[in-house]
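please work out how this folds:
(chains A and B)
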There are 2 protein chains.
Amino acid sequence: MPGAIPLIDTPAAMRQAVGAARAAGRRIGFVPTMGALHAGHVSLVERAARECDDVAVSIFVNPTQFGPGEDFARYPRTLAADLALLAPHGVRWVYAPEAAAVYPPADATRIVVEGPARGFEGAIRPGHFSGVATVVCRLLLAVPADVAYFGAKDWQQTLVVRRMVRDLGLPISIVVCPTVREADGLAMSSRNAYLSAAERARATALNAALERAAAAWEAGADVAAIEAAMREPLLAAGVAIDYATVVDAESLASPTAGRSAVALVAGRLGTTRLIDNRALPPRSDGDG
Amino acid sequence: MPGAIPLIDTPAAMRQAVGAARAAGRRIGFVPTMGALHAGHVSLVERAARECDDVAVSIFVNPTQFGPGEDFARYPRTLAADLALLAPHGVRWVYAPEAAAVYPPADATRIVVEGPARGFEGAIRPGHFSGVATVVCRLLLAVPADVAYFGAKDWQQTLVVRRMVRDLGLPISIVVCPTVREADGLAMSSRNAYLSAAERARATALNAALERAAAAWEAGADVAAIEAAMREPLLAAGVAIDYATVVDAESLASPTAGRSAVALVAGRLGTTRLIDNRALPPRSDGDG
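Predicted coordinates:
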């Protein structure tokens, strides 16, 4: 039975621990999370453990990435279960700071990313990506690892994080890992816990919409036809659609011939907001 | 005669050089500059050399901290003279990147500081402190030193930099060094080179205003009386005043009993904008 994973709660202690391990020649992988861990997070930890000597996981429900009226207060906090889930996976450190350790009194500094943060989640959740960039920058400085691992489920977030890391010159590699799905195709998400049984059954519509998008994309359909195909299962399931479309995988602009695309979907089931996406291979005729 | 100082022009090479020295146990001091070096910069380098094993100096005229219509294009670029000035002072590395090495194509990331960036220079030069914070963050990541040295002449800038470093958790100490003055009291500034001989003579009015502020502050005058005293020499010299006042040294709000204050002055002589400041000791009765 693995021993308890050391819990570290200050940036200074975390930096010291990771710095000492790196100075000893060890390669460090870092998985930043908001806790409420599921098999998707575990897949990131397993990837990090395969590719690195030591793995750090952070658990921090970041207040600045939630807007007014969003689910910050009810976001699941399950630290004991999270630690139990991580225990068998060789995690060396868990960084679980209090908010004041990340946002000191009279905190006045925000990181603003334009470019990939525009539109989609950035439009529907104003300030969300600034909160994400701000906390990820602070976490990457507190956990100065060689590589950080993010899930592809939050596709736009991965673009924002990669852009920020490149622009600021943060000395870390970013690896984006495939979305892990339930048996019926629903993308793993901590927010799935909000769903009633009936909503949970209807939530498969998001993945169904992405399947439709992939088939239509492969068949050469144009964006309007793909969007129409995506909306059918969503509307049938009673999903209040925020967006359901196909865009360039990097720029999030209209798809272009010869470049990878991504189908994006977001919507609400009752009081629960869900997002999902699916990578689409380049095709010769762009948006048809 | 000292040998030529190695010029480094990429963040990766700079990080590698500083990282190797730190791994060897050496303490590194960093002096970020925009070049056009003068005795004020030299005083920072000398302080860094006294306190550290190795000194890095950056020379980069940062476009993002200049507003439209400001002096980015005409800002003095004097690299050969700068290197000659640094040569006798034991500088180990000069980091002189091209703009594209600091701001990659499709750069989309800015750091925004509120708090100490509000008012004064922040009000007169919108976006200035965001440009400063953005470049200083990138420079501190490219030159991961133990200590960075800034001049007190740009007092508000030192507050912004210290706040950003604290808030983000950048692992570096910030040291603020005294302003160096010409014999007649004018604060050293690269922008002094813009002054005509007649303007240069009148420019002593800024320091005269600060002397008046210090005397009035010591005599227990209230803020309105101090401001009036400061304006006299400025108006007599034909300085177009942007501000001339006394504020709390940290918050830049109204002075408070028992806390350090600072007299701030900024104005224009012809097409040249000058700023200066003077620290004032706490007094028992705050703003009088």
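
please make it C-alpha for all contacts and neighbour counts, starting now.
OK.

gap between the residue nearest to A:Gly131 when sequence neighbours are not counted and chain B?
Closest residue to A:Gly131 apart from its sequence neighbours, by C-alpha to C-alpha, 6 or more residues apart in numbering or on different chains: A:Gln65 at 4.1 Å. Applying C-alpha to the nearest C-alpha, to the nearest Å, the value for A:Gln65 to chain B is 16 Å.

and A:Phe129, by the same measure?
11 Å.

correct me, but A:Ala152 touches A:Val176?
Yes: proximity of A:Ala152 to A:Val176 meets the contact threshold set by C-alpha atoms under 8 Å, at 5.7 Å.

ok, those two, which is more surrounded?
Using other C-alpha atoms under 10 Å in any protein chain shown, the more surrounded residue of A:Ala152 and A:Val176 is A:Ala152, with 21 against 17.

need phi/psi at the more buried one.
Backbone torsions for A:Ala152, taken as degrees, to the nearest 10, come to phi -70, psi -10.

keeping just the C-alphas, turn stretch A:271-286 into CSV.
The C-alpha trace of stretch A:271-286 is given here as CSV (Å, rounded to 0.1, in the frame of the first residue of the first chain):
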residue,chain,number,x,y,z
THR,A,271,-28.2,24.2,-14.3
THR,A,272,-25.2,22.3,-15.6
ARG,A,273,-23.0,23.6,-18.3
LEU,A,274,-21.0,21.1,-20.4
ILE,A,275,-18.4,21.4,-23.1
ASP,A,276,-16.7,18.9,-25.4
ASN,A,277,-14.7,18.8,-28.6
ARG,A,278,-13.4,16.4,-31.2
ALA,A,279,-10.3,16.8,-33.4
LEU,A,280,-10.8,16.6,-37.1
PRO,A,281,-8.1,15.8,-39.6
PRO,A,282,-7.1,18.2,-42.4
ARG,A,283,-9.1,17.9,-45.6
SER,A,284,-8.2,19.3,-49.0
ASP,A,285,-11.2,21.6,-49.3
GLY,A,286,-11.3,23.5,-46.0
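
who's in contact with it?
Residues from elsewhere that reach stretch A:271-286, judged by C-alpha atoms under 8 Å, 6 or more residues apart in numbering or on different chains: A:153-155, A:187, A:191-192, A:194-195, A:206-207, A:210, A:214, A:217-218, A:220, A:249, A:255-268.

tally of neighbours for the residue nearest to A:Gly131?
20.

may I have the secondary structure class of A:Gly67?
coil (DSSP: H, G, I helix; E, B strand; the rest coil).

domains of chain A?
Listed domain ranges for chain A are A:7-177, A:190-280 (source: automatic domain parsing).

pLDDT on the longest one, on average?
The reference is to domain A:7-177. What domain A:7-177 shows for mean pLDDT is 97.

repeat for the last one
Averaged across domain A:190-280, the pLDDT comes to 98.

show the end-to-end separation of it, please.
Terminal residues of domain A:190-280 lie 25 Å apart, using C-alpha to C-alpha, to the nearest Å.

mind telling me what element A:Val57 is part of?
For A:Val57, the host element (DSSP states H and E) is strand A:54-59.

which among the contacts of stretch A:271-286 end up buried?
Neighbour counting by 16 or more other C-alpha atoms under 10 Å in any protein chain shown classes A:153-155, A:187, A:191-192, A:194-195, A:206-207, A:210, A:214, A:217, A:220, A:249, A:255-256, A:259-268 among those as buried.

what about A:Val31, is that helix, strand or coil?
Of the three states, A:Val31 takes strand under three-state DSSP.

list the contacts of the nearest residue to it once chain neighbours are set aside.
Ranked by C-alpha to C-alpha, 6+ apart and with sequence neighbours excluded, the top spatial neighbour of A:Val31 is A:Val57, at 4.7 Å. Contacts for A:Val57 (C-alpha under 8 Å, 6+ apart) come out as A:30-33, A:45, A:91, A:93-95.

export those to JSON lines and tack on neighbour count?
Below are the contacts of A:Val57 laid out as JSON lines (neighbours: other C-alpha atoms under 10 Å in any protein chain shown):
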{"residue": "A:Phe30", "neighbour count": "30"}
{"residue": "A:Val31", "neighbour count": "24"}
{"residue": "A:Pro32", "neighbour count": "23"}
{"residue": "A:Thr33", "neighbour count": "20"}
{"residue": "A:Val45", "neighbour count": "25"}
{"residue": "A:Val91", "neighbour count": "24"}
{"residue": "A:Trp93", "neighbour count": "20"}
{"residue": "A:Val94", "neighbour count": "22"}
{"residue": "A:Tyr95", "neighbour count": "23"}
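
which bits of chain A sit near chain B?
A:11, A:23, A:102-104, A:106-115, A:134, A:137-138, A:141-142, A:163-164, A:167-171 (C-alpha under 8 Å from any C-alpha of the partner chain).

what residues are up against the residue most central in space within chain A?
Centroid-nearest residue in chain A, with C-alpha atoms, centre = their mean: A:Asp154, separated by 3.7 Å. By C-alpha under 8 Å, 6+ apart, the contact list for A:Asp154 reads A:275-277.

emit the ChimeraX select command for whichever of those residues are buried.
If you want just the buried ones from those in ChimeraX, going by 16+ other C-alpha under 10 Å, the selection is:
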select /A:275,276,277
